[in-house]
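Engineer: Have a look at this fold, sequence not included:
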């Protein structure tokens with residue numbers, strides 16, 4: 001099922017090191033072509049770092065906000081052209097959810113909660129070596145919105161099996177974004 005505005009979107013939401021990227025890559029061969037995997041880390045990797053080393057904390061925060069807002073709109077642009085998109089993106093700040101609800105209004109968005117035990121997240125952080133230890137545990141707001149279309153848990157389940165669960169679920173119309181939108185509208 002495709003919305004009147006274009007492509008479908010799968011939003012993989014989870015803490016750092018929960019397995020979002022691995023699941024996103026594992027989904028690609030399971031879904032009918034073409035799907036685009038657009039992780040926020042790919043957008044971050046496009047940014048120059050030469051001048052950001054001299055920015056203060058406020059300037060860095062503003063730059064990161066602009067980057068995330070641009071990411072939201074890049075996904076919407078791809079979907080508006082009829083492309084199906086897989087997002088790898090933690091909903092770690094309330095404004096991200098609010099902006100995505102506005103930016104992606106009218107699109108079929110399947111919200112996937114990617115969960116993992118705190119101990120396993122920390123083990124993965126140590127193994128990766130590219131994230132501060134404790135980052136994932138600190139991302140408590142990632143799941144605070146309380147809505148999802150499907151939950152996968154990567155503590156003991158690999159990305160291939162999680163991807164199969166998500167692909168199988170895609171036959172069910174997504175509803176989490178609609179529930180979130182109604183709840184936030186009612187709260188004012």
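Structural biologist: Yep, it's here. What you are looking at is a predicted structure, and each value in this text was computed from that prediction instead of being measured.
Engineer: which helices and strands does the one helix or strand in the chain whose mean pLDDT sits lowest pack with?
Structural biologist: Sorted by mean pLDDT, DSSP states H and E, the helices and strands of the chain end with helix 135-138, the least confident at a mean of 74. Helix 135-138 sits against helix 118-128, with contacts defined as 3 or more Cβ pairs under 8 Å, 6 or more residues apart in numbering; DSSP states H and E. (Glycine included, C-beta is placed from N, CA and C.)
Engineer: Name the residues of the helix it packs on that are buried.
Structural biologist: In terms of neighbour count (16 or more other Cβ atoms under 10 Å), helix 118-128 has its buried residues at 120, 121, 122, 124, 125.
Engineer: can you redo those as TSV with distance to residue 89?
Structural biologist: Putting those into TSV (distance: Cβ to Cβ, whole Å) gives the following:
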residue	distance to residue 89
120	20
121	17
122	21
124	18
125	18
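Engineer: and those, which two are the farthest apart?
Structural biologist: Of all pairs drawn from the buried residues of helix 118-128, the widest gap by Cβ to Cβ lies between 120 and 125 and measures 9.8 Å.
Engineer: Tell me where the model's unsure across the protein.
Structural biologist: Residue ranges of the chain with pLDDT under 70: 1-5, 50-54, 188.
Engineer: can you give me the strands for it?
Structural biologist: Using DSSP state E, the strands found in the chain span residues 9-14, 35-39, 84-88, 109-115, 150-153.
Engineer: Go ahead and name everything in contact with the fourth one.
Structural biologist: The one in question is strand 109-115. Residues from elsewhere that reach strand 109-115 (Cβ atoms under 8 Å, 6 or more residues apart in numbering): 8-14, 18-20, 23, 100, 143, 147-155, 162, 166, 169-170, 174, 176-177.
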